[in-house]
Structure formats: C-alpha cells, structure tokens
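Q: can you look at this prediction? I've put the sequence above it.
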Amino acid sequence: MDQYKIEMLIENLISLPSENEIVEFKRDNKDKSVIGKKISALANSANLCNEKRAYLVYGISDSEHEVVGTRFFPSKEKIGNIPIEFWLNQHLDPKTEFIIYEKTYQSKPITVFEIYPAVNQPIKFNGIAYIRIGETTPKLSDYPSKERKIWTNISGKNFEKGIAMENVTTLDVLKLLDFEKYSTLTNQEIPTETQQFVEKMCQYDLVRKVFDNSYDITNLGALLFAKNINEFPTIRRKAVRVIKYDGNTKVKITKEVPGTFGYACGFEGLVGYINDQLPTNEYITDSLREERRMYPKIAIREFIANALIHQDLSISGTGPTIEIFDNRIEITNPGEPLIPTDRFIDHPPRSRNEDMASFMRQIGICEEGGTGIDRALTSIDLYQLPPPKFEKFDDFTKVTMYAHKSLKDMTLDDKTRACFQHCVLKYIEKSHMTNASLRKRLNIGERNYPAASRIIAATIKKGLIKEAEKQKEYIPSWA
C-alpha cells in the first residue's frame, strides 16, 4: 500500500465515531503477545461482518482518534531472538494473512496491521480464538452464536470470488495481469482501448468494476493471469513450486524454482520447464535410434492441470508442488480428493473450484468430461512405464509417476495397480481385459502367460477386478 492509499485509509478510519469490530487504535505496544489476540479477534470479526479487511493501527489515540504517533515499529521488534512477525505466525493457527505498514501520517510515525478475514476456520492465538465485541476482545467460545455464524460464513465462502486486490485503476490491472496472454487464450483480439480490455475480463469475473476507472481483481483473476503472483497477498503462497533432487531422496536439492506467473498464463511454460528437466531414454524404432523424454508430456500436462484445478484453495500457506527424482515424479496439491482415488480414471470430474475448472477447460488446458486421466494413462501404457500411483492423505493428494523398470523389478503393488488401471481403461473403451491384453501392457512374452495369470489372480484377491460374464475376461469390481 503506497503513501497515498495509507493516508486515505487513515482519514477514513479516524473519521469513524468509535472503534468497532474491525478497527482498533493504539498509541504504543507494551505487551507484544496482545497483538496475537488482536489479530485473531479482528480476523474473526472481519469474517463475521463480511468485511474485506480489519485494521489494528498504532499511533492514534483510541478515545479521540487523534494522530499522536507511535514508538512501536514491528520491523525492529523481537521476542527473544525471533522477529515479531515470524513469532506471530508461529502462534496463530491457522496462519492468517496480515501485512504490516510502517508509514507517516501528518508527519507522525504510524504502524498499520492490515488483517485478512478468517477463511477456513476461526483464527486462534496460542490455541484460543478471540472476537471483537465493540471495543473489547473476549474469547470467541463465550459467544457461541457468533462462532456458529463464522462457521456458516466459512462454509459458504468461495475463494475464487474473493478479492486479491481492490480499488485499482485500469492501468494497474494491465500492469498486474497478463492481458496479452488472456487475449490469446480466449481467441480475442487485443482491443484498441485499454478500458475495453478490462471490461472483457469482467465477463469472466477475473476483474470487477467498482466505479469508473476503479476495479477489484478477484482471486480467480490473479490466480490465472498474474504476471507476478507475489504481488497478491491472498495467493502468493499458492504459487507452483518445482523441486529437482539429486538421486531418489530429498537429501540434496539441485534446483528449486518457485512459480511467479498465474496458472493460465504460465501453464505452457511450466510444463515445458518440467519436461526440460527430465532424463531421456534411447529407443529403437524401424532400425533408427530415437531419444525421448522419460515421461510422456501428455501425462505430465494432465496431472499438473488436475493438481491446479482440484486443489483446496481454502488451505492457506501452501500450493501445488512438483518434485522430480531420478526414478519418479511426485505431483502434490493441497486438499483431499472429492472422489475415491481408484475412481480417478472413470469418474466424471468434480472440482471444488468450478470457476477455475470451467475457464481452464474453455482455453484447452484441461479436458472436458474427465477424459484427461484416460489419455494420460494411455500415454504411460505406450511408454511401457509402471502405472502411476494416486494417493489420498489427510490434507493433500499426491500423484506419483515412475521411471521405466522391468517387470522383475516391479513390486506386487505395482503389478496389481497396472492390472487394475489397464482393466478400467479397457472397460471405458467398451472392451474387456484379457490375459493377452495384460501381457501386452506389461510386455510379458506369450509363453509366459502364467505370470500374467498370477497378476490377475492377485488383483482379484485385492477386490479391484472381477471376472466378466464371458470366461477369461475381466472388468473392474465396481462395474
């Protein structure tokens, strides 16, 4: 927030008749732990009052709202040896967004805490949630009706529709968002007038008009088309991270690149960068030697798109991560999947983030109708790679792609997973898996059909597949 906006904010705040649920004034600060309680209370009250921000301002008297200046500068304060901002983040649960400004107003120093509302649960400080009641800061648990209202607000919140940056000009929008990439991806000509361009972005709720030449940029707009995600406090921790390790463990990192572009405008560059980091294998086709990447680009593209679209945006402090090892790639996104992992292949898509999913489908980044996973698995089959693994954890989802290994090096879990996925793909194709089709998938010689039979028997025993009506043909257990 620049000096002009700070001055406008302070003028508006001191014009209030008194402190309220989302505004508190202080002269100085003697007990630093009080700040944590205030942030908790103001964040929860901002949610309760459906406000975009709450403010804790030092340097203004709380009685007459006189600008008196402050001697409290958080950038210079420590608790023990820990900077106060870091200490607050350690004691707030979950971590909430707040920005500290140290500025001057009427030639007097002031400090402003700009606090974002609670998003996915009430904010606690040292295990206790607080709330603002008039000018007091009691425990939230003492006001159960207000706590219920906060939870009701949380359940109805849509992160995509939230505001990433408010009251910006047309030129600000064009500076912050990649309008050229937007025009290319939506097959539109770049308008001759900049105002027309911003109006077009309003059609997708990427930007919202407030007044003439004043707009709010939504979280959706910033997530998809930010030129620099770090410019937007609400989404800066949702940037994609790409980490490459030396070997098969996390002991040594050779490269770590945090993404800065929005998901839509940076997607092709992200996929291209990851593809460039992958090892190559040598193949012989029609007596010619050919080098190609270890993993099919189609599969990488689809799994990354799914990680972006299906992440739980309400989980703060984390975003999608792609980790590259010598023998595998792990793609992780925040949030549990909305459908069972063994139904990823055939189930119609369900997304928490419908606006993002719809837009990404319109511009061709992900597939309509959930066919992208099918295409990814088919490409993995063609590369003769082990089957990918889909895993669900308490607060994240992981897809692991494995480098090539021979059948003898595969675990029983690898083999039964390959059998199950192959069976589902055949079923989707209106066909059935057989011993012969599985042998082809796993590159098992015809004479070694008993090996395929043993894998089929093990997969049946796990309850993943069953015999079809026609003997020696197999279908998924849920079919």
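A: Happy to help now that I have it.
Q: measure stretch 15-25 end to end?
A: Between the opening and closing residues of stretch 15-25 we find a distance of 12 Å, counting by CA to CA, to the nearest Å.
Q: what's next to that stretch, contact-wise?
A: Stretch 15-25 has contacts (CB atoms under 8 Å, 6 or more residues apart in numbering) with 13, 38, 42, 45-46, 48-49, 51, 53-58, 60-62, 65, 132-135. In short, each C-beta sits where N, CA and C put it, glycine included.
Q: and the helices in the stretch 351-479 of the chain?
A: 354-362, 372-382, 412-428, 435-442, 449-461 (DSSP state H, counting those that start in this stretch).
Q: which ones among the contacts of stretch 15-25 lie within strands?
A: By the criterion of DSSP state E, membership of the contacts of stretch 15-25 in strands covers 54, 55, 56, 57, 58.
Q: what are the boundaries of the strands in the stretch 201-350 of the chain?
A: Along the stretch 201-350 of the chain, the segments classed as strands by DSSP state E, counting those that start in this stretch run 207-211, 214-218, 241-245, 253-258, 280-285, 288-293, 321-324, 328-334.
Q: picking that back up, by neighbour count, which of the ones in strands among the contacts of stretch 15-25 wins?
A: Of these, residue 54 is surrounded by the most neighbours, 27 neighbours in total, counting by other CB atoms under 10 Å.
Q: wait, doesn't that residue sit right on residue 115?
A: Yes - between residue 54 and residue 115 there is a contact under CB atoms under 8 Å: 4.5 Å.
Q: what sits in contact with each of the two?
A: Here residue 54 and residue 115 share the contacting residues 42, 43, 46, scored by CB under 8 Å, 6+ apart.
Q: what does the pLDDT read for the spatially most central residue of the chain?
A: For the chain, the residue sitting closest to the mean C-alpha position, by CA atoms, centre = their mean, is residue 319 at 4.0 Å. Among the per-residue scores, residue 319 holds a pLDDT of 92.
Q: repeat for residue 155
A: Confidence per residue is given as pLDDT, and for residue 155 that number is 64.
Q: pretty sure residue 41 contacts residue 137?
A: Yes - taking CB under 8 Å as the definition, residue 41 is a contact partner of residue 137 at 4.6 Å.
Q: list residues touching both of these two?
A: Overlap of the contact sets of residue 41 and residue 137 (by CB under 8 Å, 6+ apart) consists of 130, 131.
Q: quick one, which of these two is more surrounded?
A: Neighbours of residue 41 and residue 137, each counted by other CB under 10 Å, are more numerous for residue 41; the result is 28 against 17.
Q: and the more buried one, how far is that from residue 228?
A: Here the distance between residue 41 and residue 228 works out to 32 Å (CB to CB, to the nearest Å).
Q: could you do residue 309 as well?
A: Per CB to CB, residue 309 is found 22 Å from residue 228.
Q: who has more neighbours out of the two?
A: Set side by side, residue 309 and residue 228 give different neighbour counts by other CB under 10 Å, the larger being at residue 309 (23 against 14).
Q: for the stretch 251-400 of the chain, give me the ranges with low pLDDT.
A: Across the stretch 251-400 of the chain, residues meeting the criterion (pLDDT under 70) sit at 281-291, 349, 367-370.
Q: make a ChimeraX selection of the buried ones in the contacts of stretch 15-25.
A: If you want just the buried ones from the contacts of stretch 15-25 in ChimeraX, going by 16 or more other CB atoms under 10 Å, the selection is:
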select :13,38,42,45,46,48,51,53,54,55,56,57,58,60,65,132
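Q: the residue nearest to residue 61 when sequence neighbours are not counted: what's it in contact with?
A: On the basis of CB to CB, 6 or more residues apart in numbering, the spatially nearest residue to residue 61 that is not a chain neighbour turns out to be residue 68, at 5.4 Å. Contacts for residue 68 (CB under 8 Å, 6+ apart) come out as 27, 59, 60, 61, 108.
Q: now these as CSV including distance to residue 377 and pLDDT?
A: CSV is the format used below for these (distance: CB to CB, whole Å; pLDDT from 0 to 100):
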residue, distance to residue 377, pLDDT
27, 64, 88
59, 60, 93
60, 61, 93
61, 66, 89
108, 64, 93
